[in-house]
Every structure is written in C-alpha cells, then in structure tokens.
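Asker: Next come a sequence and a model predicted from it.
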Amino acid sequence: MTLIVHGAPYSTCTQRILATLVELNVEDYKIEFVDLRKGVHKSPDFLKLQPFGQIPVLQDGDITIFESRAIVRYLCEKFAGQGTPLLGKTVKDKALVSQWLEVESQNYNPAASLIVREKVFAPRMGAPSDESVVAAQTPKLEKTLDVYEAHLAKSKFLAGDFFSLADLSHLPYTNLLVNAAGKSDLISSRPHVSAWWNAISQRPAFQKVLAMAKQ
C-alpha cells in the first residue's frame, strides 16, 4: 500500500521523513502537499489528521502518525533489512542511535531551530529577524557542539562507525544553519564536527531531498 506523506518538501521536518524514505530505498510513497502559506495545516480536514496543525503526517493504510521523529522510527522498523540500516544492527546500536536522537531533539534542535527561525524563516515571511533570540541561542548551540566535537573525535558518526538515524535527523536544520542562516562557522570551527557534517550532508539521499525541495 502506498505511503502518504502530508507535508512540504521545503519543510525541515518533512525533509527528515523524505531522507529516511530514500535511505531505506522506499519507492512506494507519495507527497500530499500541504500549503502552509494558505493555512491548509489549520483546516478542519487536516486537523483530523494532526490535531496540533503541524506537518508532517504519515498515513500507512489505517495507521496515521505525526511527529517527524516518531515517523522516522516507525519507517525504520517497518522497512528493517531494507536499504541503509539506520537503527544499526545490534541492541547496542539501537540504544546509541536512540540516545543521540534524544540529544538532537532535546539539546541541538531547540537552539538550532530558533536561530533558523529568526535568520531564515522570518525574512522569508517578510518579518524582521529578532537578533536578541539569535544572540541568546547561539551560545547554547555552541555548548552543545563542543560536546559533539569531543565525541566525534572518537567516533566517525554519532552512534558509532555507521551512519544512522541520529545523524540523519540533524540534516535539515544544520543545512539551513550552514547555507542560509550565516552560521557556518559554528560547524567549520570544529574540525571533527566539520568532518562529520561534510560526510553526512553529501549523502545522495539528502541531496535528492534538497533537489525535491527546489521543484
């Protein structure tokens, strides 16, 4: 049965889903475009799928799932043994992937997303950037990246020597930090973080997703 992804290819959280699908070699899916600019995500019909009015949403037959990190975990379990083993291959692997997914969600994303909101999304919507938010969040992200730098000095990827869902989950927002928000120095100034970013950002799956976002 065809998977339906309700979202927008330019959306960071939708990109998390799409990159996972491509890494898993899943071809039987379609994107149901949700036009955020027109407020479709707040419409009565969409709120039946996602009561908080946010994208993305995944429909798989009679299963409807929202929250992008829950969706990608579901996809990795559903398509286990297919494509890139994003959860690893052992119980230890899965535990470390889960750990670093939580780090991304709780430590990295809060600051990164607020910086991107002010430096990228606000100008796109014709609103001024609140530089006080950027100034407050940048040191928080720097502190987190210092932890990453120490960890990645001993590990090629976050969960070990394999590319995982934990690495993938960082792609959308870090791409905007580096290429749109003027914050590439946060990555480039840390050699091990920089090497990690160069490795994960050049993966064909993510490059395909970025191409989809431009269509």
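Answerer: Alright, I've got the coordinates.
Asker: Would you mind finding the longest helix in this structure?
Answerer: For the chain, the helix that runs over the most residues, judged by DSSP state H, is helix 131-152.
Asker: Please name every helix or strand in contact with it.
Answerer: Helices and strands in packing contact with helix 131-152 are listed as helix 109-116, helix 185-188, helix 191-201; criterion 3 or more Cβ pairs under 8 Å, 6 or more residues apart in numbering; DSSP states H and E. C-beta here means a position set from N, CA and C on the backbone, and glycine is covered the same way.
Asker: Export the ones you listed to a markdown table and append columns for mean neighbour count and mean pLDDT.
Answerer: Shown next, in a markdown table, are the helices and strands packed on helix 131-152 (neighbours: other Cβ atoms under 10 Å; pLDDT from 0 to 100):
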| stretch | mean neighbour count | mean pLDDT |
| --- | --- | --- |
| helix 109-116 | 22 | 98 |
| helix 185-188 | 16 | 98 |
| helix 191-201 | 17 | 98 |
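Asker: Number of residues surrounding Leu141?
Answerer: Residues lying near Leu141 (other Cβ atoms under 10 Å) number 20.
Asker: do Asp62 as well
Answerer: One way to gauge burial is a neighbour count; for Asp62, by other Cβ under 10 Å, it gives 6.
Asker: Distance check, it against Ala112.
Answerer: Separation of Asp62 from Ala112 (Cβ to Cβ, to the nearest Å): 35 Å.
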